[in-house]
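Student: curious how this folds, go ahead:
(4 chains)
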Number of protein chains: 2
Amino acid sequence: MRADSRRAASTAATHQAIVDAARELLATRQWREFTLDAVAKRAGVTRVTVYNQVRSKQGLLDAVLADVAQHAGMDQLLTDTRDLTAADARRFVIERTCRFWHAQRDVLRPLFGLAAVDREVAATLARRERWRADQIHRLVLRLSATPPREAFDRSTVVAGVIALTSFPTYDGLGPLADDPARAAALIDHLVVSLTG
Amino acid sequence: MRADSRRAASTAATHQAIVDAARELLATRQWREFTLDAVAKRAGVTRVTVYNQVRSKQGLLDAVLADVAQHAGMDQLLTDTRDLTAADARRFVIERTCRFWHAQRDVLRPLFGLAAVDREVAATLARRERWRADQIHRLVLRLSATPPREAFDRSTVVAGVIALTSFPTYDGLGPLADDPARAAALIDHLVVSLTG
DNA sequence: TCAATCGCTTTACAGCCTGTATAGTCGATG
DNA sequence: CATCGACTATACAGGCTGTAAAGCGATTGA
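Tutor: Numbers count the residues shown, from 1 in each chain, chains lettered A, B, ... in the order given. Okay, here's the model as predicted:
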């Protein structure tokens, strides 16, 4: 059985339609209105089909998150930071991160919100966020090659930079979050104040 | 009719019992398990009584938030920052804020989470947060009496400081958020880097 | 070409939660 | 002592999740 058969393509299409519908509703509607019925209707599909594609409502959120993360991967993997100076890498990572938060803001807001209230969503989100924490960790190590004269030890700095570059912080910038470049400049300044 | 009659006191007690039960469950249980039935049971009361005290589930959240805010008021109004230097006021406000976030962390996390997903919760929370934004705004004005040599204009700085001192950012500090004093020191450092 | 497969639909159902209505209980109030 | 008001018990409608079962029709592989 070829994986790219007509049938497989068709089901992949409906799967994508469901995920897209979920994204849309998640971004624009209230949580209460985010029913599997509404998602199914928007995807032009029956509610049972949604259950077949995605085991449950939880599974639907996972699928949406996977979809979002995929877009993230596309952007992030475009460039390698190894051949940049530490400072350039810092600016690059922060700017890319802000741009991503900005682009996916409307979907990420409810997802991060739900994570505060539902362990499963939190777990899925945490798994996706772990690599970001690693990235930041490596970045901080590169940045603090010169011994820091600051009063904060390394783990504190790492925690601080992770928080500074997190989505909730970005989203909390209010009107500033509408302009990813300006937001990135601000966050970069703050990160510099921690890493020297 | 005396407002502090025995009857009134009794109903106030059950009201408080309900709010306390809601707080407890909100802090320790998942959102799915946060049913009015569970709250009622924990408060030693019927579900109908909950509806009588609080119009709806939404109303219950409002009541919890009011309760939390009241504790906040108790702490905040204890001292006046007018007779402090700008720098002392900054440290004071930040430290108080961190302590409050820390003390109420478990209840605030779900509340802020739900705010990302429910307009009504967001509205209630925003109303409570507005005075905090004002406080920060005034603080920044005091701090930047000396014209800032930074590249950021005042509104940007204000937005940044509000974000830095917000609950989501505090909660995002991870292990660091377990120690309000250390967290406050970090945030203070960051605020200084913005205000000079 | 033909029969099996597989995704999708329709329909139906159980369980849970919210919100409302009603009648009754019991202590505080005046 | 009669009234008032908070609380209880019970029952019901409506909505959402999740599951089950049967059927339909296009794709697939022989």
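Student: for chain B, what are the nearby residues on chain A?
Tutor: A:30-32, A:109-110, A:112-119, A:150-152, A:156, A:159-160, A:162-164, A:166, A:168-169, A:171-176, A:182, A:185-186, A:189-190, A:193-194 (CB under 8 Å from any CB of the partner chain). C-beta here means a position set from N, CA and C on the backbone, and glycine is covered the same way.
Student: mean confidence score for stretch A:189-196?
Tutor: Mean pLDDT, computed over stretch A:189-196, is 94.
Student: list the buried residues for it?
Tutor: Of the residues in stretch A:189-196, A:189, A:190, A:191, A:193, A:194, A:195 count as buried by neighbour count, 16 or more other CB atoms under 10 Å in any protein chain shown.
Student: now find how far off-centre the one helix or strand residue A:37 maps to is within its chain.
Tutor: Using DSSP states H and E, residue A:37 sits within helix A:36-43. Per CA atoms, centre = their mean, to the nearest Å, the displacement of helix A:36-43 from the mean C-alpha position of its chain is 24 Å.
Student: so which elements touch it?
Tutor: Contact here means 3 or more CB pairs under 8 Å, 6 or more residues apart in numbering or on different chains; DSSP states H and E; on that basis helix A:36-43 packs against helix A:6-28, helix A:47-53, helix A:57-76.
Student: in PyMOL, select just the buried ones from the residues of chain A next to chain B.
Tutor: The buried residues among the residues of chain A next to chain B can be selected in PyMOL (16+ other CB under 10 Å) with this line:
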select buried, chain A and resi 31+109+110+112+113+114+115+116+117+118+152+156+159+160+162+163+164+166+168+169+171+172+173+174+176+182+185+186+189+190+193+194
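Student: hang on, residue A:28 packs against residue A:109?
Tutor: No: applying CB atoms under 8 Å, one finds residue A:28 not in contact with residue A:109, separated by 11.3 Å.
Student: near DNA strand D, anything from the helix or strand of chain A with the lowest mean pLDDT?
Tutor: Ranking every helix and strand in chain A by mean pLDDT, DSSP states H and E puts helix A:57-76 at the bottom, with a mean of 90. Yes: counting by CB under 7 Å from any atom of the strand, DNA strand D has neighbours in helix A:57-76: A:57, A:58.
Student: averaged pLDDT, stretch A:131-150. What do you get?
Tutor: Averaging pLDDT along stretch A:131-150 gives 84.
Student: what's the first helix or strand after the lengthiest helix in chain A?
Tutor: For chain A, the helix that runs over the most residues, judged by DSSP state H, is helix A:119-143. Using DSSP H and E, the next helix or strand after helix A:119-143 towards the C-terminus is helix A:154-164.
Student: helices or strands up against the very next helix or strand once past that following helix?
Tutor: Later in the chain than helix A:154-164, the nearest helix or strand by DSSP H and E is helix A:167-171. The helices and strands touching helix A:167-171, judged by 3+ CB pairs under 8 Å, 6+ apart, are helix A:86-103, helix A:105-115, helix A:180-195, helix B:167-171.
Student: shaky segments in chain A?
Tutor: Counting by pLDDT under 70, chain A contains low-confidence ranges at A:1-4, A:77-78, A:146-150.
Student: point out the residues in it that sit beside DNA strand C.
Tutor: Within chain A, the positions lying close to DNA strand C (CB under 7 Å from any atom of the strand) are A:7, A:10-11, A:14-15, A:44-49, A:52-53.
Student: one more time with 6 Å
Tutor: With CB under 6 Å from any atom of the strand as the criterion, chain A meets DNA strand C at residues A:7, A:11, A:14, A:45, A:46, A:48, A:49, A:52, A:53.
Student: now distance to residue B:76 and neighbour count too, for the residues you listed, in TSV please.
Tutor: Shown next, in TSV, are the residues of chain A next to DNA strand C (distance: CB to CB, whole Å; neighbours: other CB atoms under 10 Å in any protein chain shown):
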residue	distance to residue B:76	neighbour count
A:7	63	10
A:11	57	14
A:14	54	16
A:45	52	18
A:46	53	12
A:48	53	10
A:49	53	17
A:52	53	14
A:53	50	21
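Student: list the contacts for residue A:128?
Tutor: By CB atoms under 8 Å, 6 or more residues apart in numbering or on different chains, the contact list for residue A:128 reads A:65, A:69.
Student: try it again at 10 Å.
Tutor: A:65, A:66, A:68, A:69, A:72, A:111 (CB atoms under 10 Å, 6 or more residues apart in numbering or on different chains).
Student: of those, buried ones?
Tutor: For the contacts of residue A:128, buried by 16+ other CB under 10 Å: A:65, A:68, A:69, A:72, A:111.
Student: how many other residues sit next to the nearest residue to the fourth one once chain neighbours are set aside?
Tutor: It refers to residue A:72. Nearest in space to residue A:72, with sequence neighbours left out and distances taken as CB to CB, 6 or more residues apart in numbering or on different chains, is residue A:100 at 5.7 Å. The number of residues packed near residue A:100 is 20, by other CB atoms under 10 Å in any protein chain shown.
Student: and residue A:100, how far is that from residue A:170?
Tutor: Separation of residue A:100 from residue A:170 (CB to CB, to the nearest Å) stands at 9 Å.
Student: intersection of neighbour lists for those two?
Tutor: Joint contacts of residue A:100 and residue A:170 (CB under 10 Å, 6+ apart) are A:108, A:180.
Student: send me stretch A:102-114 as PDB with only the CA atoms.
Tutor: Taking Å, rounded to 0.1, in the frame of the first residue of the first chain, the C-alpha atoms of stretch A:102-114 are listed here in PDB:
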ATOM      1  CA  HIS A 102       3.300  37.200  16.700                       C
ATOM      2  CA  ALA A 103       2.300  35.200  13.800                       C
ATOM      3  CA  GLN A 104       0.700  32.400  15.800                       C
ATOM      4  CA  ARG A 105      -0.600  34.700  18.600                       C
ATOM      5  CA  ASP A 106      -4.300  34.100  18.300                       C
ATOM      6  CA  VAL A 107      -3.900  30.400  18.400                       C
ATOM      7  CA  LEU A 108      -1.200  30.300  21.000                       C
ATOM      8  CA  ARG A 109      -3.100  32.500  23.400                       C
ATOM      9  CA  PRO A 110      -5.900  30.000  24.100                       C
ATOM     10  CA  LEU A 111      -3.500  27.100  24.000                       C
ATOM     11  CA  PHE A 112      -1.300  28.600  26.600                       C
ATOM     12  CA  GLY A 113      -4.400  29.600  28.600                       C
ATOM     13  CA  LEU A 114      -5.800  26.100  28.600                       C
END
